[in-house]
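Novice: Sharing a model that was predicted from the sequence below.
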There are 2 protein chains.
Amino acid sequence: MKVARRTQADRTAATRAALVAAGRKLFAEHGFAGVGTETLVREAGVSRGALYHQFGDKTELFAEVLADVEGTVTQSLVAAVPVDGDLVTVMTSALEAWLDACENPEIQRIVLIDGPSVLGWARWRAICQPHVLGLIQAALAQAAADGGMPPLPVKPLGHVLLAVADEAALYLNDAADRASAREEIMQIVSALLRALVTPQ
Amino acid sequence: MKVARRTQADRTAATRAALVAAGRKLFAEHGFAGVGTETLVREAGVSRGALYHQFGDKTELFAEVLADVEGTVTQSLVAAVPVDGDLVTVMTSALEAWLDACENPEIQRIVLIDGPSVLGWARWRAICQPHVLGLIQAALAQAAADGGMPPLPVKPLGHVLLAVADEAALYLNDAADRASAREEIMQIVSALLRALVTPQ
DNA sequence: CAAGGTTACATACAGCCTGCACGTAACTTA
DNA sequence: TAAGTTACGTGCAGGCTGTATGTAACCTTG
């Protein structure tokens, strides 16, 4: 059976998509260093040549995988948070959705564990910027504009809150009793958020 | 010239210390994956056999290096924080000392970037537990006992605060204007800490 | 103090993995 | 349809990790 004639853009898109999908699966399971390019391309059904043609190296593929995962989780968050609502409500529901999403090991391993080590902190956060980090900062900026928050600098505050969310997800994953650990975390974060919106 | 007769414990201690020192330097400069065992042992002045005899593998050496760095930074923190003082004062001065310490790339790269990726989150935090993380939790526990803080669970709260400190250090390192970024970070953390000790 | 045993170290080797070079096939353009 | 460009296939070189096996230093026991 002959494969139907495809445009170059189609070939490229299919190859890249197959490699990114394979990367999401295998990097999540075994970590960046734990999966070789041979395993990767076999899972994707392409050759190593295709990988090194489409991506400069294994690290570049990882960066693409990270952006892809970030896109997925951002969609989940956008769907979960109420469009209108005060900052505490928005952030609390966003955190709940984030913790749900982080039950998926793709996020923990790829985004939280290997991301900074493989790409370096700056590039890692740069990739998060158009996705989850941007979402947080947008919510903060809106609250600041509406007067729902004292005038704190939005950019570093967004980083701090994202770091809290990251640690929370990893902490829960390792907790003996996840349910009660999650309650404790939500209690702590709620207290911090309420404090944030209260002028002092 | 003949080397003086040494006890086995001396030989072991000298070899391990040399390898840990080499690891601190080289892992900090090039990251865990960026330095090979050959480079490592040449810097330490020992053979690869010595490394694999003293440590099971490269990862075990890294764990020892991480614990060593944590010990150093913990000493700095203990020296910097006032023995008596309310929670906000203690934590604020501890954060200042922590940010100072993180000017040293050993901490950023070894503790914050490579630690979770090389050892996994659980083992990474387990190594931090007797050092910086324990320090934070002890301060929180004391404040809770003294009534200087509402009764929040100390363990997850310690993790959250440590995560904030970690992100702050990395954020500053990447900031264009470090001085003003540090002021912003301190402003944010101070607000959060003050809120924490205020019953709501 | 001597001989056997144990610990610490040295080195050669096997296996794996990455990235590149070079060749081929698929598509595009004139 | 022929030339040119893009996408892909594959063998090779270099490096790196961990282990196996041998040797030297140290310790113990009679």
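Specialist: Structure received.

Novice: and the residue nearest to the spatial centre of chain A, what does it touch?
Specialist: Residue closest to the average C-alpha location in chain A (C-alpha atoms, centre = their mean): A:Glu70, at 3.6 Å. Applying C-beta atoms under 8 Å, 6 or more residues apart in numbering or on different chains to A:Glu70 gives the contacts A:Val111, A:Ile127, A:Cys128, A:Pro130, A:His131, A:Val132. C-beta coordinates here come from the backbone N, C-alpha and C atoms, glycine included.

Novice: what does chain A put close to DNA strand C?
Specialist: Neighbours of DNA strand C within chain A, by C-beta under 7 Å from any atom of the strand: A:3, A:5-9, A:11, A:35-39, A:48-49, A:52, A:56-59.

Novice: Just the buried ones from those?
Specialist: Among these, those classed as buried by 16 or more other C-beta atoms under 10 Å in any protein chain shown are A:Val35, A:Lys58.

Novice: Within range of DNA strand D, give me the residues from chain A.
Specialist: So chain A meets DNA strand D at A:8-9, A:11-12, A:14-15, A:46-50, A:52-54 (C-beta under 7 Å from any atom of the strand).

Novice: Please name the spatially closest residue to the residue of chain A found nearest chain B (chain neighbours excluded).
Specialist: For chain A, the residue closest to chain B is A:Ala195, as judged by C-beta to the nearest C-beta, at 2.5 Å. Among residues not flanking A:Ala195 along the chain, B:Ala195 sits closest, at 2.5 Å (C-beta to C-beta, 6 or more residues apart in numbering or on different chains).

Novice: Just the ones of the residues of chain A next to DNA strand D in helices?
Specialist: Counted as lying in helices by DSSP state H, out of the residues of chain A next to DNA strand D, are A:Gln8, A:Ala9, A:Arg11, A:Thr12, A:Ala14, A:Thr15, A:Arg48, A:Gly49, A:Ala50, A:Tyr52, A:His53, A:Gln54.

Novice: can you tell me which residues contact the second one?
Specialist: Translated: A:Ala9. A:Ala9 neighbours (C-beta under 8 Å, 6+ apart): none.

Novice: could you dump the ones in helices among the residues of chain A next to DNA strand D to a markdown table with pLDDT?
Specialist: Formatted as a markdown table, those follow (pLDDT from 0 to 100):
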| residue | pLDDT |
| --- | --- |
| A:Gln8 | 84 |
| A:Ala9 | 88 |
| A:Arg11 | 93 |
| A:Thr12 | 95 |
| A:Ala14 | 96 |
| A:Thr15 | 97 |
| A:Arg48 | 97 |
| A:Gly49 | 96 |
| A:Ala50 | 97 |
| A:Tyr52 | 98 |
| A:His53 | 97 |
| A:Gln54 | 97 |
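
Novice: Which pair of the residues you listed spans the longest distance?
Specialist: Greatest spacing in these, by C-beta to C-beta: A:Ala9 and A:Arg48 (22.1 Å).

Novice: Okay, and the residue nearest to A:Ala195 sits in which element?
Specialist: Using DSSP states H and E, B:Ala195 sits within helix B:178-197.
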